[in-house]
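K.L.:
Got a predicted structure plus its sequence, pasted below:
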Amino acid sequence: GENVEQHPSTLSVQEGDSAVIKCTYSDSASNYFPWYKQELGKRPQLIIDIRSNVGEKKDQRIAVTLNKTAKHFSLHITETQPEDSAVYFCAASRGTYKYIFGTGTRLKVLA
Amino acid sequence: EAGVTQFPSHSVIEKGQTVTLRCDPISGHDNLYWYRRVMGKEIKFLLHFVKESKQDESGMPNNRFLAERTGGTYSTLKVQPAELEDSGVYFCASSPVWWTGGSSGANVLTFGAGSRLTVL
């Protein structure tokens, strides 16, 4: 079946450094790619998303890039802060909310 | 605006017992989804309601799982009888429409905090 691979599973960075999380999807019909952040004990929250007709999208310190040919998309967080510590999930869909999620990345920002 | 509410937050049951999880979506959201994350793996789609109708239940693992949404408001997910492999976090999510509308505006899929199920 279709799947999304996400790497790394854990990531530790020093405060102020950048963090990059990478995902690869298998369904070539995917056209919508959201990223969710889940802090401990809280609900997953949408932080940024990108559609297949766009190659890059930025929102303050976070950005997402998409390479449709390679079926790769990545989350970039710059100037990391302790409150960025969380589990991040990438997902892919064909334009509906039936998402195929990655396995998650636990990000730790060390003060 | 109240978010998506799930109850209980954590349930511990013995193998063979029954558990019912409840989800209250955001008021006015016709679309309700159940997802599950098992033991640090990916979050997997279980099913999608449009109002009270099951639009897509292709992700339901087996017939031990029964989801209902009577009246098109809250939803329940019953596991009967529970098995060890059913342990995980069950997420509910809701949206006003079934197609993705981007991060701006109202067309966003909103998740609840999840119900953690532990089967011993």
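P.N.:
Cool, got the structure. Numbers count the residues shown, from 1 in each chain, chains lettered A, B, ... in the order given.

K.L.:
Touching, B:Leu99 and A:Arg94? I think so.
P.N.:
One thing to correct before we go on: residue B:99 is Trp, not Leu. No. Using C-beta atoms under 8 Å, B:Trp99 is not in contact with A:Arg94, being 9.7 Å away. Backbone N, C-alpha and C define where each C-beta goes, glycine included.

K.L.:
Can you name the residues of chain A that neighbour chain B?
P.N.:
Within chain A, the positions adjacent to chain B are A:3-4, A:6, A:32, A:34, A:36, A:41-46, A:48-49, A:51, A:89, A:91, A:93, A:95-104 by C-beta under 8 Å from any C-beta of the partner chain.

K.L.:
ok, of those residues, which come out buried?
P.N.:
Neighbour counting with 16 or more other C-beta atoms under 10 Å in any protein chain shown marks A:4, A:6, A:32, A:34, A:36, A:43-44, A:46, A:48-49, A:89, A:91, A:93, A:96-104 as buried within the residues of chain A next to chain B.

K.L.:
When B:Trp99 and A:Arg94 are compared, which one has more neighbours?
P.N.:
Taking neighbours as other C-beta atoms under 10 Å in any protein chain shown, B:Trp99 and A:Arg94 compare with A:Arg94 leading, 16 against 13.

K.L.:
And stretch A:96-107, end to end?
P.N.:
For stretch A:96-107, the first-to-last residue distance is 27 Å (C-alpha to C-alpha, to the nearest Å).

K.L.:
To clarify, my last question referred to stretch B:36-54.
P.N.:
Start and end residues of stretch B:36-54 are separated by 17 Å (C-alpha to C-alpha).

K.L.:
buried ones in it?
P.N.:
For stretch B:36-54, burial by neighbour count (16+ other C-beta under 10 Å) applies to B:Arg36, B:Arg37, B:Val38, B:Glu42, B:Ile43, B:Lys44, B:Phe45, B:Leu46, B:Leu47, B:His48, B:Phe49.

K.L.:
Also near chain A: which of those, exactly?
P.N.:
Residues of those in contact with chain A (C-beta under 8 Å from any C-beta): B:Glu42, B:Ile43, B:Lys44, B:Phe45, B:His48.

K.L.:
For the closest residue to A:Lys57 other than its chain neighbours, grab the count of nearby residues.
P.N.:
Excluding its sequence neighbours, the residue lying closest to A:Lys57 (C-beta to C-beta, 6 or more residues apart in numbering or on different chains) is A:Ile50, at 4.9 Å. Here the count is done by other C-beta under 10 Å, and A:Ile50 has 22 residues near it.

K.L.:
same question, A:Val87
P.N.:
19.

K.L.:
pretty sure it contacts A:Lys108?
P.N.:
No. Contact criterion C-beta under 8 Å: A:Val87 and A:Lys108 do not qualify, at 10.3 Å.

K.L.:
quick one: which of the residues of chain A next to chain B sit in helices?
P.N.:
Assignment to helices by DSSP state H places none of the residues of chain A next to chain B there.

K.L.:
Break down chain A into its strands, ranges please.
P.N.:
A:4-7, A:10-14, A:19-25, A:32-38, A:45-51, A:56-59, A:62-67, A:72-77, A:86-92, A:100-101, A:105-110 (DSSP state E).

K.L.:
Thank you, goodbye.
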